[in-house]
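In: Any chance you could fold what I've pasted below:
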Amino acid sequence: MIGGLELSSEVVLASRWSRFGATSIDVIISMAFNIPIILYTDIGARLISLQALSITDVLLSAIYSMIAYILCHGYLLHKKGQTIGKYVFGISIVNMKGELIGFPKIYLKRNLPVGMAAYIPFIGGYLPLADMLFIFRKDKRCMHDLIAGTQVVSIAVKKDTDFN
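Out: Okay, here's the model as predicted:
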């Protein structure tokens, strides 16, 4: 059962487009939190002028982003396995048995490893792209799903439409 909806014994994997749409919504939400900080601090000016950021700037930005992510999505992730975008698209993160795993496991096993790997010099910038390209596997699981042992399933309720 996810969010009051009973899953059938056979899970239906979320479509690539629903995952893309959900991620798009989540990115817009993230930008709404992060752009004001970039504009309010001198980080934005240094980025535009291609000046190097100090390790302190990078760490503070990462911590701020993590806190914003937890505040926006923590409750839904813990209770329903969903971010706001996933909620809108009727999809949810579950383990390979179709069970919810809760926020700590989602964040520590699914989000944090790929997020931290992005900070590795030279190759870190390519990892998010590689992660996204994994969606084209037959099982539609991205790199972060494989690391965490999760899958994204559709929980949308199919309505019985009677045109009589």
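In: CA only for contacts and neighbour counts going forward, please
Out: Fine.
In: Please point out which parts of the helix or strand of the chain with the lowest mean pLDDT sit buried.
Out: When each helix and strand of the chain is scored by mean pLDDT, DSSP states H and E, helix 43-48 comes last, with a mean of 72. By 16 or more other C-alpha atoms under 10 Å, the buried positions in helix 43-48 come out as 43-44.
In: Packing partners of that helix?
Out: With contacts defined as 3 or more C-alpha pairs under 8 Å, 6 or more residues apart in numbering; DSSP states H and E, helix 43-48 has no helix or strand neighbours.
In: Report the mean confidence score over the following helix or strand past it.
Out: Counting by DSSP states H and E, the next helix or strand C-terminal to helix 43-48 is helix 55-80. What helix 55-80 shows for mean pLDDT is 90.
In: which regions of this protein sit below the pLDDT cut-off?
Out: Along the chain, segments meeting pLDDT under 70 span 1-9, 47, 50, 157-164.
In: Tell me where it has strands.
Out: Read by DSSP state E, the chain holds these strands, from start to end of the chain: 91-95, 150-154.
In: now those strands in CSV, with distance to Ala22 and mean neighbour count?
Out: Compiled in CSV, the strands of the chain are given as follows (distance: least, C-alpha to C-alpha, whole Å; neighbours: other C-alpha atoms under 10 Å):
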stretch, distance to Ala22, mean neighbour count
strand 91-95, 8, 24
strand 150-154, 11, 23
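In: Identify whichever of those strands lies nearest to Met31.
Out: With C-alpha to C-alpha, the closest approach to Met31 among the strands of the chain belongs to strand 91-95: 21.8 Å.
In: so that closest one versus helix 55-80, what angle?
Out: For strand 91-95 against helix 55-80, the angle by axes from the mean of the first three to the mean of the last three C-alpha atoms, to 10 degrees is 90 degrees.
In: what's the spacing between strand 91-95 and its chain's center?
Out: 11 Å (C-alpha atoms, centre = their mean, to the nearest Å).
In: Also stretch 84-95?
Out: Centroid displacement of stretch 84-95 relative to its chain, using C-alpha atoms, centre = their mean, is 10 Å.
In: repeat for stretch 136-146
Out: 13 Å.
In: Same check on stretch 82-93?
Out: 10 Å.
In: Dump that stretch to PDB, keeping only the CA atoms.
Out: Only the C-alpha atoms of stretch 82-93 are listed here, as PDB (Å, rounded to 0.1, in the frame of the first residue of the first chain):
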ATOM      1  CA  GLN A  82       7.400  10.600  -3.600                       C
ATOM      2  CA  THR A  83       8.900  14.000  -4.300                       C
ATOM      3  CA  ILE A  84       6.500  16.800  -5.200                       C
ATOM      4  CA  GLY A  85       7.000  16.100  -8.900                       C
ATOM      5  CA  LYS A  86       6.500  12.300  -8.400                       C
ATOM      6  CA  TYR A  87       3.300  13.100  -6.400                       C
ATOM      7  CA  VAL A  88       2.000  15.200  -9.300                       C
ATOM      8  CA  PHE A  89       2.700  12.400 -11.800                       C
ATOM      9  CA  GLY A  90       1.400   9.600  -9.600                       C
ATOM     10  CA  ILE A  91       4.700   7.700  -9.300                       C
ATOM     11  CA  SER A  92       6.600   6.400  -6.300                       C
ATOM     12  CA  ILE A  93      10.000   5.100  -5.200                       C
END
